[in-house]
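Visitor: sequence-free structure coming up:
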């Protein structure tokens with residue numbers, strides 16, 4: 001949370017409270033993302049790119065979006081990892097680049113298709129079917145539900161009437177009690 005200087009005797013307004021709450025939620029979210037978000041190695045990016053290009057030619061942003069989609073949003077590689085990988089694959093002769101409508105479209109060469117076939121089964125979004133990709137990273141339903149709850153609470157703090165905000169606070173307090181009750185069971 002950002003600390004601001006408040007002159008002595010000034011009041012803490014509802015807007016200040018909403019801003020403080022929003023800052024707290026954002027801080028929690030960033031801590032969660034930093035501690036839980038998966039870190040993928042270069043080989044993972046490479047195998048993911050090869051697997052996607054084996055399906056069809058794509059531009060870099062399509063690759064990023066497709067990986068994010070196939071991992072249920074749990075992994076969104078940065079452009080700083082995808083584009084250098086694409087360049088490396090081009091340097092190795094595994095992909096070709098064609099510019100269409102101001103976009104670089106990447107396609108596999110014959111050697112690239114062989115490399116994609118060799119690395120098939122090692123793409124991050126393929127699982128044994130028993131668990132989703134996010135669950136395999138120990139990111140079960142609780143973190144996602146918590147983040148969505150925090151977003152709803154932030155919205156209530158931002159635009160809710162005082163009566164609505166009190167009702168939301170009551171629901172949140174009851175949810176907290178129920179969670180601890182669940183954890184207290186043997």
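Guide: Okay, I see it. In this text the structure is predicted, and so the values were computed from the model without any measurement.

Visitor: and whichever helix or strand residue 19 is part of, what's its mean pLDDT?
Guide: Take DSSP states H and E as the rule and residue 19 turns out to sit in helix 14-36. On average, the pLDDT along helix 14-36 is 64.

Visitor: what is the subsequent helix or strand relative to it?
Guide: Counting by DSSP H and E, what follows helix 14-36 is helix 42-55.

Visitor: what packs against that next one?
Guide: Applying 3 or more CB pairs under 8 Å, 6 or more residues apart in numbering; DSSP states H and E, we find helix 42-55 packed against helix 60-70, helix 79-91, strand 103-108, helix 110-118. Where C-beta positions appear, they are placed from N, C-alpha and C, glycine not excepted.

Visitor: pull out the buried residues from the first one.
Guide: Translated: helix 60-70. Of the residues in helix 60-70, those buried by neighbour count under the rule 16 or more other CB atoms under 10 Å are 60, 63, 64, 66, 67, 70.

Visitor: which one of the helices and strands packed on helix 42-55 lies closest to residue 165?
Guide: Of all the helices and strands packed on helix 42-55, helix 60-70 sits nearest to residue 165, with 33.7 Å by CB to CB.

Visitor: what's the local residue count around residue 141?
Guide: Other residues near residue 141 number 10, with proximity taken as other CB atoms under 10 Å.

Visitor: tell me the contacts of it?
Guide: Going by CB atoms under 8 Å, 6 or more residues apart in numbering, residue 141 touches no other residue.

Visitor: repeat for residue 182
Guide: Residues near residue 182 by CB under 8 Å, 6+ apart: none.
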